[in-house]
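Peer 1: got a structure for you, letters missing:
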């Protein structure tokens, strides 16, 4: 029997009218789809498509093969999707990528309840701050930001993330609270160095009314390339930090950190839940997506990450 991906490439190309349309549905490149179809044709000894620069049409043999294989392939796909179950329950290894600190703080605590609900699923969770090729590296899902939404991927927004100025009560003791972003220049700054560029990240804050200010920072008290390390330094009372809410929310709730300039923040974009846009998602992937969306919604995660 031909590999399933060769047959899927043929059927999707026939239904979509092009290798590009099939590639978008399958999460592949047009070149990969074309190669799969060519290998299928070589194996069958039949030309399935008439190709031109503008169109892709089935040959007579291609039409016969599509009529024969189409219904059988749909049945096979349903069987493959359903095999990831154990006595009717979702089962199998669930490969998920997520940021290190974000995953430990906001996703890992969900694991106990998730496994209690779906005991036949084996989490294979990768904590990595590097972007991944979701389809090419075989991930079932990813949580984070900045992944290019290429053909074959779906992204569901979990929350918009705000960046806020924070410091510990110990550090602020005896110091005047800043009333304007420019006042931060008088305090010890815990700065972040961008790993890709090596540059220090500036502090820019926006008020609800639209005013935006970039702070002229003095010599920093310390420089880190990791926001989690900056959060720990702020908790230690070493200075003032500008950090995304996922890194400081716990400290703000416990009182270990103070929010400075409560009317000001910076928008850092969104955190997303990514997964392949397959017509038939494996049950293990579908229940993970539904579980994460449900828990983040019930725990008002999006509201907690926005401060203004």
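Peer 2: Perfect, thanks for sending it. Model, not experiment: these values are computed from the prediction.

Peer 1: how far away is residue 71 from residue 125?
Peer 2: Using CB to CB, to the nearest Å, residue 71 is found at 38 Å from residue 125. Just so you know, the C-beta spots here come from the backbone N, C-alpha and C atoms, and that holds for glycine as well.

Peer 1: Counting neighbours, go ahead and name the busier of these two.
Peer 2: residue 125 (16 against 9; other CB atoms under 10 Å).

Peer 1: Can you verify that one is assigned to a strand?
Peer 2: Yes: assigned with DSSP: H, G, I helix; E, B strand; the rest coil, residue 125 falls within a strand.

Peer 1: Quickly find the element holding the nearest residue to it once chain neighbours are set aside.
Peer 2: In space, and not counting its chain neighbours, residue 125 is closest to residue 96: 5.0 Å by CB to CB, 6 or more residues apart in numbering. Assigned by DSSP states H and E, residue 96 belongs to strand 92-98.

Peer 1: Quick check: buried residues in that strand?
Peer 2: By 16 or more other CB atoms under 10 Å, the buried positions in strand 92-98 come out as 92, 94-98.

Peer 1: sorry, back to before: help me confirm that the residue nearest to residue 125 comes into contact with residue 122.
Peer 2: No: in this structure residue 96 lies outside contact range of residue 122 using CB atoms under 8 Å: 11.4 Å.

Peer 1: For residue 40, grab the count of nearby residues.
Peer 2: Counted with other CB under 10 Å, residue 40 comes out at 20.

Peer 1: Now do residue 140: how many residues are near it, please.
Peer 2: When neighbours are defined as other CB under 10 Å, residue 140 has 21 of them.

Peer 1: just checking, residue 10 touches residue 40?
Peer 2: Yes: with contact defined as CB under 8 Å, residue 10 counts as touching residue 40 (5.5 Å).

Peer 1: Identify the contacts common to the two.
Peer 2: Residues touching both residue 10 and residue 40 (CB atoms under 8 Å, 6 or more residues apart in numbering) are residue 48.

Peer 1: Wasn't residue 206 part of a strand?
Peer 2: Yes: assessed by three-state DSSP, residue 206 belongs to a strand.

Peer 1: What confidence value was assigned to it?
Peer 2: The per-residue pLDDT reported for residue 206 equals 91.

Peer 1: ok, now residue 11?
Peer 2: Looking at residue 11, the pLDDT reads 86.

Peer 1: Identify each buried residue in the helix or strand it falls within, please.
Peer 2: Per DSSP H and E, residue 11 falls inside helix 4-16. Across helix 4-16, burial judged by 16+ other CB under 10 Å covers 6-14, 16.

Peer 1: Among those residues, which one lies nearest to residue 286?
Peer 2: residue 8 (19.0 Å; CB to CB).

Peer 1: I'd say that closest one and residue 32 touch.
Peer 2: No: checked against CB under 8 Å, the pair residue 8 and residue 32 is beyond contact range at 11.3 Å.

Peer 1: mind listing the strands for the stretch 151-300 of the chain?
Peer 2: Under the criterion DSSP state E, counting those that start in this stretch, strands of the stretch 151-300 of the chain are mapped to 153-167, 189-192, 204-207, 212-214, 222-224, 240-244, 258-260, 264-276.

Peer 1: Give me the mean pLDDT for the second one.
Peer 2: So that's strand 189-192. Per-residue scores along strand 189-192 average to 93.

Peer 1: If you count contacts, what does that strand end up packed against?
Peer 2: Strand 189-192 is packed against strand 222-224, helix 227-235, strand 240-244, with contacts defined by 3 or more CB pairs under 8 Å, 6 or more residues apart in numbering; DSSP states H and E.

Peer 1: Lowest-scoring secondary structure element of the chain by mean pLDDT?
Peer 2: strand 85-86 (a mean of 57; mean pLDDT, DSSP states H and E).
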